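1. Can you look at this prediction? I've put the sequence above it.
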Amino acid sequence: MRQRLACLLLAFAVPAALAAAYSPPTPGPDGWPVASAATLGWDTATLDSLPAKMADGTYKKITSVVVADHGRLVYEGYFNGGSAEALNDVRSATKSVTAMLVGAAIQRGAIRDVHAPVYAFFPEVKLDRMDTRRSGITLEDLLTMSSIWDCDDDNEFSAGNEERMYVSERWLDFALNLPVRGYAPWVKRPADSPYGRTFAYCTAGSFVAGAVVERAVKKPLASFAREALETPLGITDSHWNVSSEGIGMGGGGTRYRSRDLAKFGQLALDGGKWQGRQVLPAAWVTAMLTVHAQARDDAEYGYQWWRFHFPIDGADTPVWAMSGNGGNYVFVVPSRGVVAVITSQAYNERIAHPQSQGLFRDVVLKALPKR
């Protein structure tokens, strides 16, 4: 009898422990306004399902989910050891921040425009071989992952694969000495590709883009990021990596708090403004979130921002995103005024990106207010 009673109590206790009653995010000193998702028409029962899904393993290694609706935080959840103060290693989502820094450097006149030739910034670098074709590589080529370098992180045989760069003594020399790529019969040449560019994911190119900014503004990338983005956004804590020779790593590994990551998404959503202040030029944000290359059959690429497609109310809807290894994302839904951050530590695991995209689709988008 006692055993049966204990089982009955356990049956009721477990769901109660996993259930989470929705409550709005707590206001803090970081400048984020908050609002009740319930008041705004969100399906809070769907949002409330997240703690249980983390506990039962539906979603693994997710550490935070933060959602903003028209500039107000409406959901904030931390899981699997995540916390509001944790600096999340968002890996390649860094690339999108670097794209913002390029825009800030152009705004200040340190860089002429995206058509600036990359090699002109580094006249001191000794090249192993002269190839005049490389001198035509522009900053825009790097931002769109479409330079003529043989650089493809998805191809272990590529000369510019990021793992080769990481073990080199001087990353900048490594990148600038990359050979010109060839085109296998199954690879489209630029002239035959959508938007006139052949896409190949190249972290070395993003690193060089950050090095261009650093060289142009004459200060470390982390210092310029603090001046141009973090301080205006009220971000007080972050971490930037550097290469083996001490150049800021614009290609990956920065660390930010989840609520601060959401600020980058809001900045993109609001045309470069944060709480009424123009932090980045609106024209730059428009160019950054314009498709410049076909990355995959199901995704396009702007200036180091991805454009994915998700169904919302039965219609195919473009969603811009910062994306990094492990399943780290900042999603921006312009048509609905929504920003969603998902941080995850599923680094180098096959589940990482499908899981985070699935959570965004099946929880965040499912919970959207009905129109």
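-> Perfect, thanks for sending it. Residues are numbered from 1 along each chain as shown.
2. Please enumerate the strands of the stretch 251-371 of the chain.
-> 255-256, 273-274, 277-278, 293-296, 299-301, 306-312, 315-324, 328-333, 338-344 (DSSP state E, counting those that start in this stretch).
3. out of those strands, nearest to M130?
-> Ranking those by proximity to M130 (Cβ to Cβ) places strand 293-296 first, at 28.0 Å. All C-beta spots, glycine's among them, are computed from the backbone N, C-alpha and C.
4. Give me the neighbour count for the closest residue to Y78 other than its chain neighbours.
-> Distance criterion Cβ to Cβ, 6 or more residues apart in numbering; nearest residue to Y78, sequence neighbours excluded, is S64 at 5.0 Å. Here the number of neighbours of S64 (other Cβ atoms under 10 Å) works out to 24.
5. Validate this expectation: S64 resides in a strand.
-> Yes: counting by DSSP: H, G, I helix; E, B strand; the rest coil, S64 is found in a strand.
6. My read is that it contacts Y75, right?
-> No: assessed by Cβ atoms under 8 Å, S64 is found out of contact with Y75, at 10.5 Å.
7. In the sheet, which residues pair with P311? Tell me.
-> Beta-bridge partners recorded for P311 (DSSP bridges): D316.
8. List the residues that contact the residue most central in space within the chain.
-> In the chain, the residue lying closest to the centroid (Cα atoms, centre = their mean) is M322, at 2.1 Å. By Cβ atoms under 8 Å, 6 or more residues apart in numbering, the residues touching M322 are 90, 93, 95-97, 261, 264-265, 305-306, 328-330.
9. in the stretch 101-250 of the chain, which spans are helices?
-> Taking DSSP state H, counting those that start in this stretch as the test, the helices found in the stretch 101-250 of the chain are 139-143, 162-166, 171-176, 203-217, 221-225, 231-233.
10. so which of those comes closest to A21?
-> helix 231-233 (31.1 Å).
11. circling back: any chance of the helices of the stretch 101-250 of the chain in TSV, with mean neighbour count, distance to F79 and mean pLDDT too?
-> Listed next are the helices of the stretch 101-250 of the chain as TSV, based on neighbours: other Cβ atoms under 10 Å; distance: least, Cβ to Cβ, whole Å; pLDDT from 0 to 100:
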stretch	mean neighbour count	distance to F79	mean pLDDT
helix 139-143	25	33	98
helix 162-166	16	29	98
helix 171-176	22	35	98
helix 203-217	26	28	98
helix 221-225	21	28	98
helix 231-233	16	25	98
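12. now the residue nearest to Y78: how far from L139?
-> Distance check for S64 against L139: by Cβ to Cβ, to the nearest Å, it reads 33 Å.
13. Check R170 too.
-> From R170 across to L139, the span is 21 Å (Cβ to Cβ).
14. can I get the strands of the stretch 251-371 of the chain in CSV with mean pLDDT and distance to W240?
-> Below are these laid out as CSV (pLDDT from 0 to 100; distance: least, Cβ to Cβ, whole Å):
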stretch, mean pLDDT, distance to W240
strand 255-256, 98, 8
strand 273-274, 98, 20
strand 277-278, 98, 23
strand 293-296, 98, 25
strand 299-301, 98, 23
strand 306-312, 98, 21
strand 315-324, 98, 14
strand 328-333, 99, 16
strand 338-344, 99, 17
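15. where does the stretch 51-200 of the chain have low pLDDT?
-> Nowhere does the stretch 51-200 of the chain drop to pLDDT under 70.
16. How about the contacts made by F331?
-> 265, 319-321, 338-342, 360, 364.
17. can you pick the most crowded of the residues you listed?
-> Going by other Cβ under 10 Å, V341 tops the contacts of F331 with 30 neighbours.
18. now the closest residue to that residue other than its chain neighbours: how far from V330?
-> With Cβ to Cβ, 6+ apart as the criterion, V341 has its nearest non-adjacent residue at 4.3 Å, and that residue is V66. Distance of V66 to V330, computed by Cβ to Cβ: 9 Å.
19. More neighbours: which of the two?
-> With neighbours defined as other Cβ under 10 Å, V66 and V330 compare such that V330 has more, 29 against 26.
20. Tell me if I'm right that the more buried one and L267 touch.
-> No: under the criterion of Cβ under 8 Å, V330 is not in contact with L267, lying 10.2 Å apart.
21. For the nearest residue to D128 once chain neighbours are set aside, list the residues it contacts.
-> Leaving aside its chain neighbours, D128 sits nearest to N177 (4.9 Å; criterion: Cβ to Cβ, 6+ apart). N177 is in contact with 127-129, counting by Cβ under 8 Å, 6+ apart.
22. next one: phi and psi at R91?
-> phi 50, psi -120 (degrees, to the nearest 10).
23. Relative to G251, which of the helices of the stretch 101-250 of the chain is closest?
-> Closest among those, once you apply Cβ to Cβ, is helix 203-217, at 3.7 Å.
24. what's the closest one packed up against?
-> helix 94-107, helix 139-143, helix 162-166, helix 171-176, helix 221-225 (3 or more Cβ pairs under 8 Å, 6 or more residues apart in numbering; DSSP states H and E).
25. nearest to R133, of those?
-> helix 139-143 (11.6 Å).
26. How far does the closest one sit from its chain's centre?
-> Distance of helix 139-143 from its chain centroid, counting by Cα atoms, centre = their mean, to the nearest Å, is 17 Å.
27. so what's the closest residue to W306 other than its chain neighbours up against?
-> Counting by Cβ to Cβ, 6+ apart, W306 lies nearest to A321, which is 4.7 Å off, once chain neighbours are set aside. Listed by Cβ under 8 Å, 6+ apart, the contact partners of A321 are 305-308, 329-332.
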